[in-house]
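**Q** got a predicted structure plus its sequence, pasted below:
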Protein chains: 4
Amino acid sequence: MSKLSLEDARSIVRAALDHAATIDAKPLTVAVLDDGGHLVMLERQDGASALRPEVAQAKAATAINLGKSSRAIAEDAAARPTFVSALSALAGGRVLPAAGGFAFRNTKGDVAGAIGITGDTSDRDEECAIAGAKAAGFSPDL
Amino acid sequence: MSKLSLEDARSIVRAALDHAATIDAKPLTVAVLDDGGHLVMLERQDGASALRPEVAQAKAATAINLGKSSRAIAEDAAARPTFVSALSALAGGRVLPAAGGFAFRNTKGDVAGAIGITGDTSDRDEECAIAGAKAAGFSPDL
Amino acid sequence: MSKLSLEDARSIVRAALDHAATIDAKPLTVAVLDDGGHLVMLERQDGASALRPEVAQAKAATAINLGKSSRAIAEDAAARPTFVSALSALAGGRVLPAAGGFAFRNTKGDVAGAIGITGDTSDRDEECAIAGAKAAGFSPDL
Amino acid sequence: MSKLSLEDARSIVRAALDHAATIDAKPLTVAVLDDGGHLVMLERQDGASALRPEVAQAKAATAINLGKSSRAIAEDAAARPTFVSALSALAGGRVLPAAGGFAFRNTKGDVAGAIGITGDTSDRDEECAIAGAKAAGFSPDL
């Protein structure tokens, strides 16, 4: 039994975009991955640019790839830029040092999947992602 | 204004999966791309394997890349296998010779986007994709 | 009907290179993409080096990929170098932080395509690209 | 001094597309490379699909990469399909076994560059490419 159903992913995406509407966010792209780093659901809002689906997935994949949120990797990148660039190259870009991507846990404490959002500032992207994960009953791993 | 809204994509995906339920299809993954070949929406049903999101996108991208459905490319591949393999290599895999991917047109006759479905037989994948596109008011380019 | 015809692209390239001649620019390469980021026309002047066609396309693709000019991405890169390097890795190089690439809009305000120029300084590359887009009736998205 | 000027490439492309009009060809994409396999000029006609620029370049690059026309490689592929597929993989797709790409020589007998055309049948693609090269004073290496 997978830890994340499509129905869960839909709840997360819906809640994240509902929150985005309340803060009048720019057009967002939301990706939800399973705990193996594979895409379960993605939505790109009207007006979001072409690479955004890859960026949203890369933010989420960062957390699965490295066991840290993409915000934490952004902090690492400030201290060790060449190391994080090498990780990005190694991962074909799927290590992205900018807030907005993190794993989330179910009520048993297991990592169930990861979410990544892009389109507004990194802080606002992350705010929407947190709202989405929490509304669906998951705990962000920030 | 883009030719395909997220709302359109949601209608297509919902109708495709509704049809899948009526024929008791295996777990499907549905990708909807815009007319430039960029992802707008993707859903992977519970139980679908890890590469399915890439496969669904590749089927849809085949139609944007080559101006023919992935069924038509499958027919080309039977006649000219090495040529189609070379196209796949050239496109980083985004030429996939199996039914289930095609572009669709709006009521003005313009290509609005493309859909790709994978998970069941290619014929049934395509059947669900046709149902999805038509229910949302688009004409499949088969 | 596509938003950018080959005839449009020819007008843009011709006007850009005419402007380049008036400022005695170094040998340039000019790429014009459609609004999906796919090449419509490219010309490389005599004496321009081997990678220039990729560079010109990458500058233009930056704008389609991220919804910002390559000049704006160069400014982002000064503040967040590792983040922009990661985007470049994610995009297979098609995020290039140097002025000279931008999307342009038609008279209805829609993005019709993007242009990228390389060969002289980034500022002069961009100057030629602006001249080309404007002469053909398009508004640069700087 | 390069063996192929941009002015030469323009003459080749213009003559190829003029010939295409006389035979009522489907929308074509024409790529002209220098003798190092690097793009000098490309035009994609209205209605040609997204991957066509890569296909046109790959046909031309085949001739520079292997010293044989893409028609000759198509014949090799019939006899040794796995070998040609491996070459395509090795070249990132830039070995394409379908007629329409060949090198051409100047009046001194040196290879000056290569042309690749895609969009109609391979035979008609090649016919247009031959017309283009000859009209500009070059001899096709078929």
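**A** Sure, I can see it. Only a predicted model underlies this, so the values are computations on that prediction, with no experimental measurement involved.
**Q** alongside chain C, which residues does chain A contribute?
**A** A:48-51, A:54-55, A:58, A:74, A:77-78, A:81, A:84-85, A:88-89, A:91-98 (C-beta under 8 Å from any C-beta of the partner chain). To be clear about C-beta, it is placed using only N, CA and C from the backbone, and glycine gets the same treatment.
**Q** just the helices from chain A, written as ranges.
**A** With helices called from DSSP state H, chain A shows them at A:6-22, A:52-66, A:70-79, A:81-90, A:122-135.
**Q** a markdown table please, covering those and showing mean neighbour count.
**A** As requested, the helices of chain A are exported to a markdown table (neighbours: other C-beta atoms under 10 Å in any protein chain shown):
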| stretch | mean neighbour count |
| --- | --- |
| helix A:6-22 | 19 |
| helix A:52-66 | 27 |
| helix A:70-79 | 20 |
| helix A:81-90 | 17 |
| helix A:122-135 | 22 |
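**Q** for these, which one sits closest to C:Asp8?
**A** Closest to C:Asp8 of the helices of chain A, according to C-beta to C-beta: helix A:52-66, at 26.1 Å.
**Q** what angle separates the closest one from helix C:52-66?
**A** Orientation check (axes from the mean of the first three to the mean of the last three C-alpha atoms, to 10 degrees): helix A:52-66 against helix C:52-66 gives 90 degrees.
**Q** same for helix A:52-66, what does it pack against?
**A** strand A:29-34, strand A:39-44, helix A:70-79, strand A:101-105, strand A:111-118, helix C:81-90 (3 or more C-beta pairs under 8 Å, 6 or more residues apart in numbering or on different chains; DSSP states H and E).
**Q** mind putting those in CSV, mean pLDDT and distance to B:Val111 included?
**A** Below are the helices and strands packed on helix A:52-66 laid out as CSV (pLDDT from 0 to 100; distance: least, C-beta to C-beta, whole Å):
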stretch, mean pLDDT, distance to B:Val111
strand A:29-34, 98, 22
strand A:39-44, 98, 18
helix A:70-79, 96, 35
strand A:101-105, 98, 33
strand A:111-118, 98, 26
helix C:81-90, 96, 27
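**Q** which of those sits closest to chain D?
**A** helix C:81-90 (17.1 Å; C-beta to the nearest C-beta).
**Q** for the closest residue to A:Ala20 other than its chain neighbours, what are its contacts?
**A** Using C-beta to C-beta, 6 or more residues apart in numbering or on different chains and skipping the chain neighbours, the partner closest in space to A:Ala20 is A:Cys128 (4.7 Å). Contacts for A:Cys128 (C-beta atoms under 8 Å, 6 or more residues apart in numbering or on different chains) come out as A:Ala16, A:Leu17, A:His19, A:Ala20, A:Ile23, A:Ala25, A:Leu28, A:Val30, A:Ile117, A:Asp120.
**Q** I'd like the distance between A:Cys128 and chain C.
**A** For A:Cys128, the distance to chain C (C-beta to the nearest C-beta, to the nearest Å) stands at 18 Å.
**Q** could you report the pLDDT at that residue?
**A** Note for A:Cys128: predicted pLDDT of 98.
**Q** what distance do you get for it to chain D?
**A** 31 Å.
**Q** so A:Ala61 sits against A:His38, correct?
**A** No. Assessed by C-beta atoms under 8 Å, A:Ala61 is found out of contact with A:His38, at 9.3 Å.
**Q** and the residue of chain A found nearest chain C, how many neighbours?
**A** The nearest approach of chain A to chain C comes at A:Gly93, 2.7 Å away (C-beta to the nearest C-beta). Neighbours of A:Gly93 under the rule other C-beta atoms under 10 Å in any protein chain shown: 24.
**Q** give me phi/psi at it?
**A** phi 100, psi -10 (degrees, to the nearest 10).
**Q** tell me who's in contact with the residue nearest to it when sequence neighbours are not counted.
**A** Distances taken as C-beta to C-beta, 6+ apart place C:Leu90 nearest to A:Gly93, at 2.7 Å, with adjacent residues excluded. Residues in contact with C:Leu90 (C-beta under 8 Å, 6+ apart) are A:Leu51, A:Glu54, A:Val55, A:Ala58, A:Ser88, A:Gly92, A:Gly93, A:Arg94, A:Leu96.
**Q** kindly report the same for A:Ala135.
**A** A:Ser11, A:Ile12, A:Ala15, A:Ala16, A:Asp18, A:His19.
**Q** just the closest of those residues to chain D, please.
**A** The closest of the contacts of A:Ala135, once distances to chain D are taken by C-beta to the nearest C-beta, is A:Ala16, at 30.5 Å.
**Q** please report the distance of the residue nearest to the spatial centre of chain A from D:His38.
**A** What sits nearest the mean C-alpha location of chain A, by C-alpha atoms, centre = their mean, is A:Gly116, with 1.6 Å. Per C-beta to C-beta, to the nearest Å, A:Gly116 is found 37 Å from D:His38.
**Q** again with A:Lys59
**A** 35 Å.
**Q** just A:Asn106 next, same as before
**A** Taking C-beta to C-beta, one finds A:Asn106 at 53 Å from D:His38.
**Q** which one is A:Leu4 nearest to, not counting chain neighbours?
**A** Nearest one to A:Leu4, counting by C-beta to C-beta, 6+ apart, is A:Gly113 at 4.1 Å.
**Q** list the contacts of the one you found.
**A** If you count contacts by C-beta under 8 Å, 6+ apart, A:Gly113 has them with A:Lys3, A:Leu4, A:Asp8, A:Ala9, A:Val32, A:Leu33, A:Asp34, A:Asp35, A:Val40, A:Ala103, A:Phe104, A:Phe138.
**Q** select only the buried ones of these in PyMOL?
**A** Filtering these down to the buried ones (16 or more other C-beta atoms under 10 Å in any protein chain shown) takes a single PyMOL command:
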select buried, chain A and resi 4+8+9+32+33+34+35+40+103+104+138
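**Q** go through the contacts of A:Gly113 and name the one nearest chain B.
**A** Ranked by distance to chain B (C-beta to the nearest C-beta), the contacts of A:Gly113 are led by A:Val40 at 5.1 Å.
**Q** wait, isn't the closest one in contact with B:Gly47?
**A** No. With contact defined as C-beta under 8 Å, A:Val40 does not count as touching B:Gly47 (11.5 Å).
**Q** how about the residues of chain A by chain B?
**A** A:2, A:5-6, A:9-10, A:36, A:38-47, A:50-51, A:53.
**Q** switch to 10 Å and redo it
**A** Residues of chain A lying near chain B by C-beta under 10 Å from any C-beta of the partner chain: A:1-2, A:4-10, A:13, A:17, A:27, A:29, A:31-34, A:36-54, A:56-57.
**Q** enumerate every residue touching the residue of chain A found nearest chain D.
**A** In chain A, no residue comes nearer to chain D than A:Ala50, which is 11.9 Å away by C-beta to the nearest C-beta. By C-beta atoms under 10 Å, 6 or more residues apart in numbering or on different chains, the residues touching A:Ala50 are A:44, B:34, B:36-39, C:35-37, C:61, C:63-67, C:91, C:94.
**Q** if we go to 6 Å?
**A** By C-beta atoms under 6 Å, 6 or more residues apart in numbering or on different chains, the contact set of A:Ala50 is B:His38, C:Gly37, C:Ile64, C:Asn65.
**Q** likewise for A:Met41?
**A** A:Ala9, A:Val13, A:Val32, B:Glu43.
**Q** so the last one is in contact with B:Leu28, correct?
**A** Okay, so that is B:Glu43. No. Counting by C-beta atoms under 6 Å, B:Glu43 sits too far from B:Leu28 to count as a contact (8.4 Å).
**Q** and the gap between A:Val13 and B:Leu42?
**A** Distance of A:Val13 to B:Leu42, given as C-beta to C-beta: 11 Å.
**Q** and the pLDDT at A:Lys3?
**A** With respect to pLDDT, A:Lys3 scores 88.
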